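Undergrad: Please find the sequence and the predicted model below.
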Amino acid sequence: MKKIIIGNWKLNLDHLQGIQLLQKINYSLPKDVEENIDIVLAPSHTSLRSLQTVISTDKLKIKLSSQDVSMYKEGAYTGEVSSTQLEKLDISYSIIGHSERRTLLNENDEIINQKLKRLLEQRITPIFCFGEPIENRENNTYLEFIQEQLNEGLKGIRKDNMNEIIFAYEPIWAIGTGQVATIENIIEVLDFTKNLISSKSFYNQEKSRFIYGGSVSPDNSEEILNLNIVDGALVGGASLDSDKFVKIVNSIKL
Ligand code: PEP
């Protein structure tokens with residue numbers, strides 16, 4: 001299974017700064033990286049067009065993701081960006097269900113489920129984020145919480161579409177806190193998720209990807225990314241620093 005490293009730039013960098021960081025990262029990546037690892041960057045919507053132009057003109061080894069997508073196809077939804085618009089820009093991936101949107105912008109499982117459907121219709125790979133808050137970790141109800149998020153978020157998704165989704169386990173208490181989940185935490189939840197997904201789909205082990213996100217850095221990436229069960233990482237803070245991001249990529253043993 002080819003591993004994937006996704007950099008989530010969040011609400012940082014204008015498009016010129018984005019181009020600079022993209023070029024720096026591309027320059028420092030191993031020459032044959034795309035044969036072994038998928039590298040994806042998720043800048044703000046306003047940077048997607050310029051970064052895509054640089055990637056296609058200079059034939060870079062990096063793909064782009066949006067940080068979100070509208071649940072609507074088109075119409076009177078001011079400020080929204082549709083999956084069709086992203087597809088026209090040749091955007092390959094989109095993050096959905098990020099905990100910052102769930103908690104700060106009140107996105108619920110029903111909205112995320114609609115977003116997932118819009119992406120699958122356009123053949124854009126969804127990066128479906130899920131994960132528990134600290135309370136559920138502490139009172140030992142995190143697996144029930146995750147099961148509910150997955151059951152609701154995946155409602156009505158065709159079995160053969162399930163393998164198109166990248167499942168990103170991102171415990172909320174680990175995001176941006178420096179408090180990375182333990183190896184045992186990661187293995188337990190990804191194993192649980194894989195079992196749940198395989199019971200809902202025509203599961204294809206060669207295609208399905210299950211990744212981890214939450215304070216991944218060069219200090220912990222080697223241990224996490226070389227686990228068999230981990231197919232990659234969603235990286236926030238460390239993706240804004242080209243040295244750290246490339247070190248994370250290079251920590252994967254090929
Ligand atoms: C994220 O925002 O998806 C994330 C994992 O952030 P960080 O790496 O900064 O914890």
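TA: Structure received. In this text, all values refer to a predicted model and were calculated from it rather than measured experimentally.
Undergrad: who does whichever residue of the stretch 1-150 of the chain sits closest to the ligand bridge with?
TA: In the stretch 1-150 of the chain, the residue found nearest to the ligand is residue 8; the distance is 4.6 Å by CB to the nearest ligand atom. (Glycine included, C-beta is placed from N, CA and C.) Note on residue 8: beta-bridge partners by DSSP bridges are residue 42.
Undergrad: correct me, but it touches residue 235?
TA: Yes: Residue 8 lies in contact with residue 235 (CB atoms under 8 Å); the separation is 6.8 Å.
Undergrad: what residues do these two have in common as contacts?
TA: residue 213 (CB atoms under 8 Å, 6 or more residues apart in numbering).
Undergrad: Please, where are all the strands along the stretch 1-150 of the chain?
TA: 3-8, 37-42, 63-66, 93-96, 125-130 (DSSP state E, counting those that start in this stretch).
Undergrad: Would you format these as a markdown table with mean pLDDT included?
TA: Output for the strands of the stretch 1-150 of the chain, formatted as a markdown table (pLDDT from 0 to 100):
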| stretch | mean pLDDT |
| --- | --- |
| strand 3-8 | 98 |
| strand 37-42 | 98 |
| strand 63-66 | 98 |
| strand 93-96 | 98 |
| strand 125-130 | 98 |
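Undergrad: Does residue 155 lie in a helix or a strand, and which?
TA: Here residue 155, judged by DSSP states H and E, is contained in no helix and no strand.
Undergrad: from memory it sits against residue 111, does it?
TA: No: counting by CB under 8 Å, no contact exists between residue 155 and residue 111, whose distance comes to 12.0 Å.
Undergrad: Looking at the two, which is more packed in?
TA: residue 111 (18 against 13; other CB atoms under 10 Å).
Undergrad: Quick check: bridge partners of the residue nearest to residue 38 when sequence neighbours are not counted?
TA: Using CB to CB, 6 or more residues apart in numbering and skipping the chain neighbours, the partner closest in space to residue 38 is residue 4 (4.1 Å). With DSSP bridges applied, residue 4 shows beta-bridge pairing to residue 38, residue 232.
Undergrad: Residue 4 contacts residue 34, doesn't it?
TA: No: under the criterion of CB under 8 Å, residue 4 is not in contact with residue 34, lying 11.1 Å apart.
Undergrad: The two: which is more packed in?
TA: Neighbour count, other CB under 10 Å: between residue 4 and residue 34, residue 4 has more, with 21 against 15.
Undergrad: residues touching that one, list them.
TA: Residues counted as contacts of residue 4 (CB under 8 Å, 6+ apart) are 37, 38, 39, 40, 166, 209, 211, 231, 232, 233.
Undergrad: Next, count neighbours for the third one.
TA: Which is residue 39. Neighbour tally, residue 39, other CB under 10 Å: 21.
Undergrad: Spatially nearest residue to residue 167 (excluding sequence neighbours)?
TA: residue 210 (4.9 Å).
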